[in-house]
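*Asks:* predicted model and sequence below, questions to follow.
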Amino acid sequence: MSEMFSAEWMNQYKDVWNQDPELAGALAQIGFNSVIGYGFDGEDAPRGYIKVENGQVTEAGAYDGQPLNWDLRASPADWQKWAQKPPGMVGLGMAYTSRKLKFEQGDYAAMIKDPRMAGPFIKSFAAMGRVQ
């Protein structure tokens, strides 16, 4: 398995994301566009990023200073745990309030209040678990 959030891992994540109708398809329906960084808590910058256009990931790779709409951070152990057993809405809320999942950039409250975004966000954790 590639190291989580490496360029190779992010490109595999892109493929998994784009093949998931409950993720890419649901976000396409609302015209979701965003650049999302993923990384580890305590580091200066995210390790990887994806660019989402109309729900589909069009770019993925190692983070190299791209402007981000979202920057998600957690410990390596928590990322692995969520990839193996994705959190539901309650688990996600607990991870956020306990600061296990940090939004260095992006509005968690606005996202979680919109079921058109919250459902796919939860599905993104399941997609991580399908990266080889």
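*Replies:* Thanks, I have the structure now.

*Asks:* top helix in the protein by residue count?
*Replies:* Ranked by residue count and defined by DSSP state H, the top helix of the chain is helix 115-129.

*Asks:* so where do the helices sit in the protein?
*Replies:* Under DSSP H, the chain gives helices at 7-18, 26-29, 76-84, 89-97, 108-113, 115-129.

*Asks:* just to revisit the earlier point, using neighbour counts, pick out the buried residues of the longest helix of the chain.
*Replies:* The neighbour-count criterion (16 or more other Cβ atoms under 10 Å) identifies Met117, Pro120, Phe121, Ile122, Lys123, Ser124, Phe125, Ala126, Ala127, Met128 as the buried residues of helix 115-129. No exception for glycine: its C-beta is placed from N, CA and C like everyone else's.

*Asks:* per-residue confidence averaged over it?
*Replies:* Across helix 115-129, pLDDT averages out at 93.

*Asks:* in CSV, could you pull the C-alpha coordinates for that helix?
*Replies:* Taking C-alpha atoms only, helix 115-129 is exported to CSV below (Å, rounded to 0.1, in the frame of the first residue of the first chain):
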residue,chain,number,x,y,z
PRO,A,115,-27.1,17.0,3.6
ARG,A,116,-26.1,17.3,-0.1
MET,A,117,-22.5,17.8,1.1
ALA,A,118,-22.5,16.0,4.4
GLY,A,119,-23.5,12.6,3.0
PRO,A,120,-20.7,12.6,0.3
PHE,A,121,-18.2,13.9,2.9
ILE,A,122,-18.9,10.8,5.0
LYS,A,123,-18.6,8.7,1.8
SER,A,124,-15.1,10.2,1.2
PHE,A,125,-13.8,8.3,4.2
ALA,A,126,-15.1,5.0,2.8
ALA,A,127,-13.4,5.8,-0.5
MET,A,128,-10.1,6.2,1.4
GLY,A,129,-10.5,2.7,2.7
